[in-house]
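*Asks:* Take this sequence and fold it.
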Amino acid sequence: MQDSGILELFFARSEQALTELQKKYGRLCMQIAVNILANMEDAEEIVNASYMNVWNAIPPARPQSLCGYVCAAVRNAALNAAARAKRHSCD
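*Replies:* Have a look, this model is predicted:
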């Protein structure tokens, strides 16, 4: 499905939008999160939380690049989680 179709599903508040988003960008999002966090379980949590953040942001946001928007959301969430983990670690 094209990004424009996925965006239309988001604007229609159809849960199918999340399914289509995961089908199209799920592997890429997981790769980004795993590369930052180095932990598969944490990466899965971050990706799922990012999908919910995207769900809550669209609408009103209408990103020019859905891929860039989702990847940025995952990257930012993973970086925040890594920073939290580093602050709470006992070095």
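*Asks:* other SSEs contacting the lowest-mean-pLDDT helix or strand in the chain?
*Replies:* Of all helical and strand segments in the chain, the minimum by mean pLDDT, DSSP states H and E falls on helix 66-88, at a mean of 93. Helices and strands touching helix 66-88, by 3 or more C-beta pairs under 8 Å, 6 or more residues apart in numbering; DSSP states H and E, are helix 3-11, helix 16-37, helix 40-57. The C-beta positions use only the backbone N, C-alpha and C, and glycine is treated the same way.
*Asks:* How about the longest one, which residues are buried there?
*Replies:* For helix 16-37, the neighbour count (16 or more other C-beta atoms under 10 Å) marks 17-18, 20-22, 24-25, 29-30, 32-34, 36-37 as buried.
*Asks:* same question, stretch 49-67
*Replies:* Within stretch 49-67, the residues scored as buried using 16+ other C-beta under 10 Å are 49-51, 54, 58, 63, 66.
*Asks:* same check, this time on stretch 81-91
*Replies:* Neighbour-count burial for stretch 81-91, counted by 16+ other C-beta under 10 Å, picks out 81-82.
*Asks:* With just CA atoms, put that stretch into CSV.
*Replies:* Extracted in CSV, the C-alpha atoms of stretch 81-91 (Å, rounded to 0.1, in the frame of the first residue of the first chain):
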residue,chain,number,x,y,z
ALA,A,81,15.2,4.9,26.2
ALA,A,82,19.0,4.4,25.8
ALA,A,83,19.7,7.7,27.7
ARG,A,84,17.3,6.6,30.5
ALA,A,85,19.0,3.2,30.7
LYS,A,86,22.4,4.9,30.9
ARG,A,87,21.3,7.3,33.7
HIS,A,88,20.0,4.4,35.7
SER,A,89,22.9,2.0,35.2
CYS,A,90,25.4,1.3,37.9
ASP,A,91,28.7,2.0,36.1
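*Asks:* thinking again about what came up before, out of the helices and strands packed on helix 66-88, which is closest to residue 75?
*Replies:* helix 16-37 (5.5 Å; C-beta to C-beta).
*Asks:* okay, the buried residues of helix 16-37 in TSV with distance to residue 71 and pLDDT next?
*Replies:* Shown next, in TSV, are the buried residues of helix 16-37 (distance: C-beta to C-beta, whole Å; pLDDT from 0 to 100):
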residue	distance to residue 71	pLDDT
17	17	97
18	16	97
20	16	97
21	11	97
22	13	97
24	12	97
25	7	98
29	7	98
30	11	98
32	6	98
33	10	97
34	13	97
36	12	96
37	15	95
